[in-house]
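In: just need the structure, nothing else, for what follows:
(chains A and B)
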Amino acid sequence: MKKVQFKSNYSQYFFLAPQLGILLIFLYWPIIQTFRDAFTMQDAFGFGRQFVWFDNFLFIFDDPAYFIAFKFTIIYSFVITLVTGAIGLLLAVNANNVMHGKSAYKTLLIWPYAIAPAVVGVMANYFFSERFGLLYHLFNDLWGFNWYESVFDSYIYLIIAGSWKQISANFIFFLAGLQAIQKSVIEASIIDCKSSFRRFWTITFPLLMPTTFFLIIINITYAFFDTFGIIDTTTIGAPSGETRTLVYKAYMDGFRGLDLGSAGAQSIMMMLIVLVITIFQFRYIEGKIHYN
Amino acid sequence: MKKILSVLTILFTFSFTSHSYSKTEIHWWYGNSGFLGDVIIEIANRFNASQDEYTVIPTGKGSYEDNMAATIAAFRAGDQPHYSQVYDAGAAIMVAQVKNGVVIGFEDMAEKYGIKVDADNYIPGIKNFYADSDGKMIGVPFNSSTCLMYANMDILKEVGIESVPKTYEEFEAMAPKIKAAGYIPLVQSHSPWIWTENFFSRHNLLMTDGNNGYDAVPTKTLFAETDAFVYHWKKVKEWYEKGLYAYKGRAWGDNQAPFIAGEAAFWFGSAASFGGMKGVVPNFTVNHIPYWDSVTGGKEYPTFIGGAANWILNGHTEEEYKGLAKFIEFMGSPEMDLYYHNMTGYSAVTKGGIELAETINFYRASPYHKAVGEQLSLEGSTIPGGYRAGNWPQIREVIYENVEPMLNGKISIEKGLKNMDKGAAKLLKQFAKTL
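Out: Purely as a prediction, here's the structure:
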């Protein structure tokens, strides 16, 4: 093969420039701004900016609402990851075994993935409306469900609203993962073991681990960052701020409360949290995964 | 070739036409939607049709909060509109921005460009709400509402109640009867606005130190230390437990829904709410919000103004401000003021508008419109006609956060109000640092 070599020492920078430009403008510049906001205090219009060291951080640590949001974010991302992963896997395994109309099932199950979170929230609103909500009335009959008073019930509301769409994402990746498993491995396992249940847990599932690991990261990121639109169109944090994620709280303080210092500090805290989670995942979970 | 020619012709024609129609553009951003947004567009259309030098371009940005955030973001990007609608809770922030050259005060504008409607043309209560501490008008009063009580007269008739309650004592006495007949006696749509801010104004009580922020930058709210306020919330909780008051979450519409559906006898909402209710609720009346007779000794005090004002933003050309001045003059004319009052239910804000309404016997034809002006013009108040407290949008959040656990008994009323004070004090301190 002939090796292509650029003659000029500069042309590579020329070709790199657009990409670097995008990164600088849309990624690094906002990050620098966030740091600037987090360590300064300013009024809503950006006047009277003064350097305040860690005041903004102390301010959020002194705020019980911040820890409530933290708690909710952790619980929410854990449950969403679990629920969407489990249901997505169940659906994928079953859709993979279907003989007739396979693509119809697939298409129908993938559809919800295309819906924007805010729209999901608006739809969930109908199901959980006190006046005409089907699920509201079903749950209300079962145990007196009332999401704007009970924290537990509002969690259920948001978990259902938040999971629905993400199940589709899990389904797609699990299905692709299942189809990537070599037929010969499956056939060999059928000869060795009669129980399809055991076959799944000892052969298929371990082979799906890379997909599962990937989905755990995707689901946590989703619960952290993308559920914003759902919360804003459903509970708005009710009851009493118990259902705000960290992102939603930063938004409320920054854009509703117009306190960019606090919002900046919260963003940096979020960066740290995501950093810790990611390091943890790659350190302790990835080591246990076999990619081949 | 022919194709290129025709494209060129089209381009040329367009540039020509747009050139020949080029008028000075004035951008007006607003935070109303639905019907209220349509009325705003209609006002701009009428102005544009009334003259041909300027054209006002109204742009809806969503809710009040959205519009305020959009205006601030636009200003920081150097792309601000000329005129923007900012709501009551943001008034302190906007007034504070005059010294930074963000906002041009209305009186300065009126003087410089000779706007014929001067400050004295606006009715006093409304004028003061958007004025600085020296009484100089900064914001231009626009949609001015207040909280009012809507009553379903059919329900009252059914249970044998003849007149609507004037006081909470009267309400308390009649509520069990309404409940016994299978109706919800009371719902209300905005705990911070109706049952906090306007509780204080309605009972002539100070809400924050520094004379509600008019004399000095406030450092704390007076929730827990105001006995009448503690008493009120204890009563609210008692009503809630007895089923005399129903809480339907934070959303405005969810609390209004039982009233619209004919399930609730009374609803506390905004003066501008009746537009959507006319023809939906068969037989309703619009009344003053009740007060505690035991607190005021039988006297009735005015409530604060709700809604929003328009604010003039700096950074545009003389020519554009001349146009804006014309537009402000147009909107302040008695005809437009009454038009807006009639369409939306917001109060008339100019003396001229009110006089015109009297002349044409407007209130006899439409009694719905009367309560708002009446309640706002009540006299005898010794507190300022508003509050100047920064970070108020966040303080409203703090209030909301504590109302729910107070109602469901997770925390006591005293504890809830103390939490509110604590949260508010922190936010007020934060705001004071940026001044």
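In: do I have it right that A:I172 meets A:W111?
Out: No. Applying Cβ atoms under 8 Å, one finds A:I172 not in contact with A:W111, separated by 10.8 Å. Where you see a C-beta, it was placed from the backbone N, CA and C, and this is true even at glycine.
In: okay, these two: which has more neighbours?
Out: Set side by side, A:I172 and A:W111 show more neighbours around A:I172, with 17 against 11, by other Cβ atoms under 10 Å in any protein chain shown.
In: the more buried one: which element?
Out: Secondary structure from DSSP states H and E places A:I172 in helix A:151-180.
In: same question for B:E358.
Out: Assigned by DSSP H and E, B:E358 falls in helix B:351-359.
In: quick one on the thing from earlier: give me the mean pLDDT for the helix holding A:I172.
Out: Average pLDDT, helix A:151-180: 93.
In: that helix near chain B anywhere?
Out: No. Using Cβ under 8 Å from any Cβ of the partner chain, we find that helix A:151-180 stays clear of chain B, coming within 9.2 Å at best.
In: can you give me how far that helix is from the chain middle?
Out: Mean-position distance between helix A:151-180 and its chain equals 10 Å (Cα atoms, centre = their mean, to the nearest Å).
In: swap in stretch B:50-66?
Out: Counting by Cα atoms, centre = their mean, stretch B:50-66 comes out at 19 Å from the chain centroid.
In: contacts for it?
Out: Residues from elsewhere that reach stretch B:50-66 (Cβ atoms under 8 Å, 6 or more residues apart in numbering or on different chains): A:255-256, B:23-33, B:37, B:40-41, B:43-44, B:47-48, B:67, B:70-71, B:81, B:85-87, B:89-90, B:308, B:323, B:326-327, B:330, B:393.
In: after the helix or strand hosting A:I68 comes which helix or strand?
Out: If you go by DSSP H and E, A:I68 is part of helix A:64-97. Using DSSP H and E, the helix or strand that directly follows helix A:64-97 along the chain is helix A:102-110.
In: does anything pack onto that following helix? Which helices or strands?
Out: If contacts are counted by 3 or more Cβ pairs under 8 Å, 6 or more residues apart in numbering or on different chains; DSSP states H and E, helix A:102-110 sits against helix A:64-97, helix A:151-180.
In: looking only at pLDDT, what's the mean for it?
Out: 86.
In: so what pLDDT did B:G253 get?
Out: For B:G253, pLDDT reads 87.
In: can I assume it sits in a helix?
Out: Yes. If the criterion is DSSP: H, G, I helix; E, B strand; the rest coil, then B:G253 is within a helix.
In: list the contacts for it?
Out: B:S189.
In: gap between it and A:E149?
Out: B:G253 sits 18 Å away from A:E149 when distances are taken as Cβ to Cβ, to the nearest Å.
In: right, and the helix or strand after the helix or strand of chain B with the lowest mean pLDDT?
Out: Scoring the helices and strands of chain B by mean pLDDT, DSSP states H and E places helix B:2-20 at the bottom, with a mean of 55. Once the chain leaves helix B:2-20, the next helix or strand it forms, by DSSP H and E, is strand B:24-30.
In: tilt between the helix or strand just after that following strand and strand B:24-30?
Out: The first helix or strand that comes after strand B:24-30 along the chain, using DSSP H and E, is helix B:34-50. If you take axes from the mean of the first three to the mean of the last three Cα atoms, to 10 degrees, helix B:34-50 sits at 170 degrees to strand B:24-30.
In: then helix B:34-50 to CSV, C-alphas only?
Out: The C-alpha atoms that make up helix B:34-50 are tabulated as CSV, following Å, rounded to 0.1, in the frame of the first residue of the first chain:
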residue,chain,number,x,y,z
GLY,B,34,-52.2,32.0,24.3
PHE,B,35,-54.9,34.6,24.3
LEU,B,36,-52.9,37.2,26.2
GLY,B,37,-50.1,36.9,23.6
ASP,B,38,-52.6,37.4,20.8
VAL,B,39,-53.7,40.7,22.4
ILE,B,40,-50.2,41.9,22.5
ILE,B,41,-49.7,41.2,18.8
GLU,B,42,-53.0,43.0,18.1
ILE,B,43,-51.7,46.1,20.0
ALA,B,44,-48.6,46.1,17.9
ASN,B,45,-50.6,45.7,14.7
ARG,B,46,-52.8,48.6,15.7
PHE,B,47,-49.8,50.8,16.3
ASN,B,48,-48.2,49.8,13.1
ALA,B,49,-51.4,50.6,11.2
SER,B,50,-51.8,53.9,12.9
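In: buried ones in it?
Out: Neighbour counts over helix B:34-50 (16 or more other Cβ atoms under 10 Å in any protein chain shown) mark B:L36, B:V39, B:I40, B:I41, B:I43, B:A44, B:F47, B:N48 as buried.
In: got it, and stretch B:297-304?
Out: B:E300, B:Y301, B:P302, B:T303, B:F304.
In: how about the last one: what's its closest non-neighbour residue?
Out: Distance criterion Cβ to Cβ, 6 or more residues apart in numbering or on different chains; nearest residue to B:F304, sequence neighbours excluded, is B:S201 at 4.5 Å.
In: who touches that neighbour in this structure?
Out: B:S201 is in contact with B:M207, B:Y301, B:P302, B:T303, B:F304, B:S381, B:I383, B:G385, counting by Cβ under 8 Å, 6+ apart.
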